[in-house]
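[1] just coords:
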């Protein structure tokens, strides 16, 4: 019930605003017509200012053309840079693929070479043909490296 009443009020206001009629019960009566308000006349300077603000001058049109040209140039430059970056990425990917292939070939060659090397034969030749011997315990000297993981020898190791 309340919602119907509210809807009727809204409808009454809407109708009243357009035609100066509103419903009161089930019969519509014509009320006083809404008086037409006379338009305020603007001064000539205000009219000139409004006309100037709505017109576009030659300078403004040139400015807009320049801005559009700059925006178009920036967009074209951005597209070129994007294409360049894409091309460089594909070149890097191709180089990485080539590197991986070379690494796998290198590993295969290394493993083939290592399987062909017989360490027993090398030890036997070193001892029998070249006269090499294993180092004795008193010949081995141990050094502890400082901060580095390796030791550099700048001079001969003393006999002591």
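    Cool, the structure landed. As the structure is a prediction and not an experimental result, all values here were calculated from the model.
[2] For the rest of this, base every contact and every neighbour count on C-alpha atoms.
    Will do.
[3] Check the model's average confidence along the helix or strand hosting residue 67 for me.
    If you go by DSSP states H and E, residue 67 is part of helix 58-116. When pLDDT is averaged over helix 58-116, the result is 95.
[4] which is the next helix or strand following it?
    For helix 58-116, the following helix or strand on the C-terminal side (DSSP H and E) is helix 119-128.
[5] who's in contact with that following helix?
    132, 133 (CA atoms under 8 Å, 6 or more residues apart in numbering).
[6] ok so, going back, mind checking how far the helix holding residue 67 is from the chain centre?
    Here the centre of helix 58-116 is set off from its chain's centre by 15 Å, with CA atoms, centre = their mean, to the nearest Å.
[7] cool, stretch 128-144 as well?
    Counting by CA atoms, centre = their mean, stretch 128-144 comes out at 62 Å from the chain centroid.
[8] And it, end to end?
    Its start and end residues considered, stretch 128-144 measures 34 Å (CA to CA, to the nearest Å).
[9] swap in stretch 128-141?
    End-to-end distance for stretch 128-141, by CA to CA: 26 Å.
[10] same question, stretch 54-61
    Stretch 54-61 end-to-end distance (CA to CA) = 13 Å.
[11] ok, residues contacting it?
    The contact list for stretch 54-61, computed with CA under 8 Å, 6+ apart, is empty.
[12] burial of residue 123, as a residue count?
    13 (other CA atoms under 10 Å).
[13] measure it to residue 111 for me?
    Taking CA to CA, one finds residue 123 at 20 Å from residue 111.
[14] what do you get for residue 130?
    Counting by CA to CA, the gap from residue 130 to residue 111 is 28 Å.
[15] go on, residue 158?
    According to CA to CA, residue 158 stands 40 Å off from residue 111.
[16] Over to residue 94?
    Where residue 111 is concerned, residue 94 sits at a distance of 26 Å (CA to CA).
[17] Likewise for residue 39?
    100 Å.
[18] And for residue 47?
    According to CA to CA, residue 47 and residue 111 sit 94 Å apart.
[19] coming back round to it: comparing residue 158 and residue 111, which residue is more hemmed in?
    More crowded of residue 158 and residue 111, by other CA under 10 Å: residue 111, with 11 against 5.
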